[in-house]
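1. Show me the folded form of this:
(3 chains)
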Amino acid sequence: MSEAREFKYIGQRTIRPDGYDKVTGRANYGADLSLPGMIWGKILRSPHAHANIKNIDLSKAQAHPDVLAIATYQDFPHVQSEAFQAGEVPTDIIDLARNVLADDKVLYHGHAIAAIAARSESAAQDALSLIEVEYEVLPPVMDVADAMKPEAAVLHNNMFTQGLAEPADKASNIASRMELKKGDVAAGFALADLVVERDFYTPTVHQGYIEPHATTVRFEENGQAMVWCSTQGHFDVRASTAKLLNMPLGKLKVVASEIGGGFGGKTTVYLEPVALILSRKSGKPVKMVMTRDEVFRASGPGSATRSHVKIGAMKDGTITAMQASLCFEAGAFKGSPMGPGCMTVFTPYDVENMYIEGYDVVVNKPKVAAYRAPGAPQAEFAAEMVINEIASKLGIDPIELRLRNAAKEGTQTVYGPKLKRVGLVECLEAAKNSPQYQSALKANQGRGLAAGFWFNIGGLSSVTINMNPDGSGTILEGSPDIGGSRASMQMMAAEELGIPIDQLKPLVADTEHVAYNATTGGSRTTFATGMAVIEAAQDVVRQLKERAAAVWNITAEQVDWADGVAINTTGDDRLTVAEICKDAEKTGGQIAGTGNINARGAGPSFAVHLCDVEVDPDTGKVDVIRYTAIQDAGKAIHPSYVEGQYQGGAAQGIGWALNEEYIYNKDGIMENAGFLDYRIPLASDLPMIETVIIEIPNSFHPFGVRGVGETGIVPPLAAVATAVSEAIGVVMTDLPCSPPRVLAAIHGKS
Amino acid sequence: MATVIFSSELQRYTGEEKTTVGAGTYRDVVAALLDRYQGLPADEIQKMAVAIDGEIIHDPLLETVGEDSEVHFLFRISGG
Amino acid sequence: MSKTHVTTTINGDVTEFLCEPADTLLSVLRNELQLTGTKEGCGSGDCGACSVTVNGRLVCSCLVLGVEAQGAEIGTIEGIESAEKLHTIQEKFLEHAALQCGICTPGLIVSTKALLDENPDPTEEEARYYLAGNLCRCTGYDKIIRAVLDSAKVMRGAA
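-> Just a heads-up that it's a prediction; the model follows:
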C-alpha cells in the first residue's frame, strides 16, 4: 500500500446507510417475515441432560387436527459421517444432523428431538406435549475434568481420541489432543529465577445476542425452496441445509435477514433444516422462532475451560519458558476451539521455549459455537493472569514486563509463521501514556492490565457493483452486516470511485444474487469483503476509463483518473462518472464491476486493556469504575464502528469476567436460562469505555486494514480479574468474579 | 532450496522438525513431502493451510514456493 | 375460544383488532398489526427490546396482554418520527453510531423518549439507570449514553 495516500472518505464518521431503517423500526430481522398461509413450527426438547431414546410415539400428535407436519431425525435422508466445513467450526455432518434433531440419544437438556408444525404458534406448542418419548436416563457428565476421567460415562461409544502417539483402544470423551512446541521448556525453566504456575477455570458462557434464532421458509412444489433467516453466513446455511436435506445448492435460496447480533453464535444451523422438512411435509410456509430459554439451552454457547499455565522468568523480567495445558469443553459433539486456544495462548510473547497441549472434550452441554475470537479469551486469560503475577512478584511494572517480552515483527509464533509488522508494542506504549494508567487508586480499588491477540482471517468474498445511468451505483455484497459493515463498504467504494458515499448503496444480497461469500466471522468482513469491494470498484474505474477513451477516440492508457473524473491526457477534456454512465449505451452497454477473491494476508490485531474496579468488601460486588481499550486497527475505515467493536468486546469480556456463567444442577439442568439470572452487563453496570485506535497498517491490504471485531474480547477477562485480585489481595483464578466467589476469596484470606 | 517446518502434530509422521525441498509449486512441495515421508497422510496435509514466508494461505493449491522461502503447514483458522 | 375485539389507539391512529385472551400486546403488534419494529428478545420482561408506551407509561409489551390495550393510547417505535422526519433521538443515535446490530435500537429509542419526557436533563447515571432495562449486547452502552445525553441537550435547546 502507498503509505502517503490521502483519503477523502476513509476515516470519516459517516451515517451508516442501513441506519435509517434501524432507528425507525423498518429493518426486518429474522422473526419479522410472515408469508401468506404461513404456519408455525415448535421443537420438542429433551428434559434430560443425557439419555437414550428408547421410543418416540407420534401417533397422538399426528391425530391432532391443528398439526400439519412432524419432523424427526428419520427425515434426514442419507446422512453419513463426513468431515464438513460450513461456517466457523469444522464438524462432522452426522454430528450436525444429530444436533439439529437427536437420533437415538439426547446429549443435553434442551436437545431437539422432534418438531411440530401447526396452524398457530400456541397450537404447535400445545401439541408438543402429545409426543410420547421413552427415555433411559444416563448419568450426566457436566465438567471437562470429570469427562476426562477414565471412569466417566461416555457420550459417544464410537469416539476414540485423535492425536495420541498410540491410537486409542477405548472410546472416551476426549475427542482429540494436540500439542505445539518450540525450543526446550525444561531448559527454559532451569534458567528462570521465578516460576509461577496455577490452575484456572472459565465457565460456559453464551454469546447473548438479543435476537433469538428465527427463520421463515417455503418449500415449493417444483423442489425449489427459500429460507429467510438471521445468520452470519447465509451461504453456509445453504451449504449445511442442502447437505442435510440432500438438495442441490441451486434449488435452495437463502436470504439473510438483518441480524440482531451473532458474535459467532449464528454461524451454524439449528432451525432452518427442520423448518424446511416441516414445510415440505405440510406444503405451507413455516416460521420458527426460538424462545430465549431455547437460545440458552440449545444454541451457542462458548466453551468452559480448565487450564494449567506455568511461566518462568529471570529477575530482569526476561521470560524463559511458557507452558500450558488447555482443556476445552466442546459440548455434546466434538469441535471446541481448542486449536485456536493453543495457537493464541502465548502469542503476545516473543519467548524461545514454549510447550502447549490442548484437549477437545465432550460433555452433556449444548454443542459450543464460535464466540468472538473463539478459544482465545479462555486461553489468554490464564496466561495473562500468570504474567501479571510474575510482574507483581518481581516488582516490575506489568507494561514494562510485557514490553521486555513483546511479540513484534519477526517473532516466531508457536503455531508456524513469523509475525509480520504488528502493533503490540504501540498498544503497550499507549497504555503506559493513558490518563487512566497515570491516575491514582483509592481503598478497595484495583487495576488490571492485559494484552490480547487474535489472528483474523481473510477468505472468500464476492462483490458486484452495478452502475446506474445517473452515475450512482449499487454494491451487491454477501456478508451479513452485523455491526455497520455496509458503511465501510460504501466508504471504500466511494474512495476508489471518487464519488460521494451517498451515491453508492450497499446491499447484502441473497445466495442467488451474488457469488459465494464466506460467513461474517473471524473479523474478516471489512478486511476481505472490503478488498473485494475495492477490486470491484477498480474494475468499474477501468471500464469508465475505457468508455471515456472511446468517447475521446484515444486509448485507455491515455486517460487518467482522479476524484471521480476521467482526464484526457492528450487534451483538456474531462468526463465525470455521471457523464460516462449517462451515455454508457453508446460506448458498449451498462457498466458493472466485480471482485471475486479469496483474500489472504489478514493482519493480526493486538490489544491492551486497562481496567479499574472497586470491590465492596461486605458483599463481594465488583464495580468497573474506569476502562480503556487500546487496539491496532491497521487503518480504521469508520472510526466510530471500530471504537464500537472495542467497546462491545470489552463489555462482553467484563460480563464474562464478573457475572456470566451457565449454572447447572446435579442432574445437568441449566438453572439460569434467562436474562434475569444469566446477567449480561446493563447500562448501569458499566462506565464509559475509553478507546485508543492504534494504526499500524497491514501491508497486505490496499488501505492497511486489519480485522478488529474479535480481539477486544480477549484482554478483559484477565484485566478485570487482575483488578479484582489487586483490590482484595487474592489471585482470582476462577471466573466469574461474582459476589459469592469474591466474598469467599476475601474470607479465605482472613 | 525452500525450508519446510513441521508442527508437532506433523512431526509424529516426519520424525523431524524441518526439511528442505526444491522450490516450485505448492503441489511440487506436497508431492516431495509425501514421497519423502511414507506415513504422512495425504488427505490431512492437503486440508491444512500453509504459511509461506509468514503469509497464511488457506487454499494454497496455486501458490509457488521460492528458493529461500519458509513454509509452515498449520491448522485452518476461523473465528466468530 | 372466541376472540376478543379490542379498540385502541396506536401512534395516534384508532385501531381495532381481534385477539386471544392469552395473546400479549407484543404478539398483537407484531403478528396481527404487522408493526414489527417492536422486537422480541426474551418474552419475560428482561431485555426491553419490546418497549412501548401505554398511556404514556413505558412498559415491556411482552408483559402486557393485548386485551389490556382496550381504550388505551399505545406508542411504538413506528410513531416516534413525525411527517417523515426523524426525531432528534433517532438522529443522535445515528450520529453517535449508537447501534451496531440494531435489534435493541427501537426499544432503546422508545425508552429514551420516555426518559427525556420525564427528565429533560438527566445525568449520565440517571440515564444509565433509566435504561438499565434495555439490554444491548453490541455496544457496551458508551455510544448509546452519549447519544441520549446529546439528544437531551438538543431537545432542551429546541424547547
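2. Geometric centre of chain C: which residue is closest?
-> Closest residue to the average C-alpha location of chain C: residue C:110 at 3.0 Å, with Cα atoms, centre = their mean.
3. part of a helix, is that residue?
-> Yes. Note on residue C:110: a helix contains this position according to DSSP: H, G, I helix; E, B strand; the rest coil.
4. So it versus residue C:64, what's the distance?
-> The span separating residue C:110 from residue C:64 equals 14 Å under the rule Cβ to Cβ, to the nearest Å. C-beta here means a position set from N, CA and C on the backbone, and glycine is covered the same way.
5. again with residue A:697
-> On the measure of Cβ to Cβ, residue A:697 and residue C:64 end up 53 Å apart.
6. my guess is residue A:327 meets residue A:363, correct?
-> No. At 10.5 Å, residue A:327 and residue A:363 do not qualify as touching, with contact defined as Cβ atoms under 8 Å.
7. list residues touching both of these two?
-> Shared contacts of residue A:327 and residue A:363 (Cβ atoms under 8 Å, 6 or more residues apart in numbering or on different chains): residue A:144.
8. More neighbours: which of those two?
-> More crowded of residue A:327 and residue A:363, by other Cβ atoms under 10 Å in any protein chain shown: residue A:363, with 31 against 27.
9. What residues does that one make contact with?
-> A:141-144, A:146-147, A:155, A:173, A:304, A:329-332.
10. And for residue A:452?
-> A:348, A:373, A:376-377, A:380, A:384, A:606-609, A:711-715.
11. go on, residue A:598?
-> Taking Cβ under 8 Å, 6+ apart as the definition of contact, the neighbours of residue A:598 are A:458-460, B:58-59.
12. The residue nearest to the centre of chain C: what's its closest spatial neighbour, skipping adjacent residues?
-> Leaving aside its chain neighbours, residue C:110 sits nearest to residue C:51 (4.5 Å; criterion: Cβ to Cβ, 6 or more residues apart in numbering or on different chains).
13. What pLDDT is listed against that neighbour?
-> According to the prediction, residue C:51 has pLDDT 98.
14. ditto for residue A:87
-> Note for residue A:87: predicted pLDDT of 63.
15. what about the residue positioned nearest the centre of chain A, distance to chain C?
-> Of all residues in chain A, the one closest to the mean position by Cα atoms, centre = their mean is residue A:264, 3.0 Å from it. Look at residue A:264 and chain C: by Cβ to the nearest Cβ, to the nearest Å, they are 12 Å apart.
16. quick one on the thing from earlier: double-check the residue nearest to the centre of chain C against residue C:49; I have them as touching.
-> No. If you go by Cβ under 8 Å, residue C:110 and residue C:49 don't touch, sitting 10.0 Å apart.
17. For the stretch 501-650 of chain A, which segments are assigned as strands?
-> Counting by DSSP state E, counting those that start in this stretch, the segments of the stretch 501-650 of chain A that form strands are A:504-508, A:559-562, A:565-568, A:574-576, A:592-599, A:605-615, A:622-632.
18. Apologies, that question was intended for chain B.
-> With DSSP state E as the criterion, chain B has strands at B:2-5, B:18-21, B:24-25, B:49-52, B:55-57, B:64-65, B:70-74.
19. mind checking the longest helix of chain C?
-> For chain C, the helix with the greatest residue count under DSSP state H is helix C:142-158.
20. is that one anywhere near chain A?
-> Yes. Using Cβ under 8 Å from any Cβ of the partner chain, a contact is recorded between helix C:142-158 and chain A, made by C:142-145.
21. And these, which of them are buried?
-> C:142-145 (16 or more other Cβ atoms under 10 Å in any protein chain shown).
22. in which helix or strand would I find residue C:140?
-> When elements are defined using DSSP states H and E, residue C:140 is found to belong to no helix and no strand.
23. Using TSV, lay out the buried ones among the residues of helix C:142-158 next to chain A together with pLDDT.
-> As requested, those are arranged in TSV below (pLDDT from 0 to 100):
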residue	pLDDT
C:142	98
C:143	98
C:144	98
C:145	98
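24. returning to that earlier point: redo the contacts of residue A:363 as JSON lines? Include secondary structure.
-> Formatted as JSON lines, those follow (three-state DSSP):
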{"residue": "A:141", "secondary structure": "coil"}
{"residue": "A:142", "secondary structure": "coil"}
{"residue": "A:143", "secondary structure": "coil"}
{"residue": "A:144", "secondary structure": "helix"}
{"residue": "A:146", "secondary structure": "helix"}
{"residue": "A:147", "secondary structure": "helix"}
{"residue": "A:155", "secondary structure": "coil"}
{"residue": "A:173", "secondary structure": "coil"}
{"residue": "A:304", "secondary structure": "coil"}
{"residue": "A:329", "secondary structure": "strand"}
{"residue": "A:330", "secondary structure": "strand"}
{"residue": "A:331", "secondary structure": "strand"}
{"residue": "A:332", "secondary structure": "coil"}
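25. re earlier: could you pull up the residues touching the residue nearest to residue C:110?
-> Contact analysis of residue C:51 by Cβ under 8 Å, 6+ apart lists C:38, C:58-61, C:106-108, C:110-111, C:114, C:133-134.
26. how far away is it from residue A:26?
-> Applying Cβ to Cβ, the value for residue C:51 to residue A:26 is 17 Å.
27. The helix ranked longest in chain A and chain B, any residue contact?
-> Among all segments of chain A classified by DSSP H, the helix with the greatest residue count is helix A:530-552. No. Counting by Cβ under 8 Å from any Cβ, chain B has no neighbours in helix A:530-552; the shortest distance is 14.2 Å.
28. That helix packs against which elements?
-> In terms of contact count using 3 or more Cβ pairs under 8 Å, 6 or more residues apart in numbering or on different chains; DSSP states H and E, helix A:530-552 is assigned the packing partners strand A:459-467, strand A:473-477, helix A:485-497, strand A:559-562, strand A:565-568, helix A:577-582, strand A:592-599.
29. That helix - what's its average pLDDT?
-> Averaging pLDDT along helix A:530-552 yields 97.
30. Give me the angle between that helix and strand A:504-508.
-> Here the directions of helix A:530-552 and strand A:504-508 differ by 140 degrees (axes from the mean of the first three to the mean of the last three Cα atoms, to 10 degrees).
31. Show me how far helix A:530-552 is from its chain's centre.
-> How far helix A:530-552 lies from its chain's middle: 34 Å, per Cα atoms, centre = their mean, to the nearest Å.
32. tell me what the strand or helix carrying residue A:218 is packed against?
-> Take DSSP H and E as the rule and residue A:218 turns out to sit in strand A:214-219. Counting contacts by 3+ Cβ pairs under 8 Å, 6+ apart, strand A:214-219 packs against strand A:225-229, helix A:272-282, strand A:286-289.
33. want to throw these into a markdown table with mean neighbour count and mean pLDDT?
-> Supplementary listing: the helices and strands packed on strand A:214-219 in a markdown table, determined by neighbours: other Cβ atoms under 10 Å in any protein chain shown; pLDDT from 0 to 100:
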| stretch | mean neighbour count | mean pLDDT |
| --- | --- | --- |
| strand A:225-229 | 25 | 98 |
| helix A:272-282 | 26 | 98 |
| strand A:286-289 | 26 | 98 |
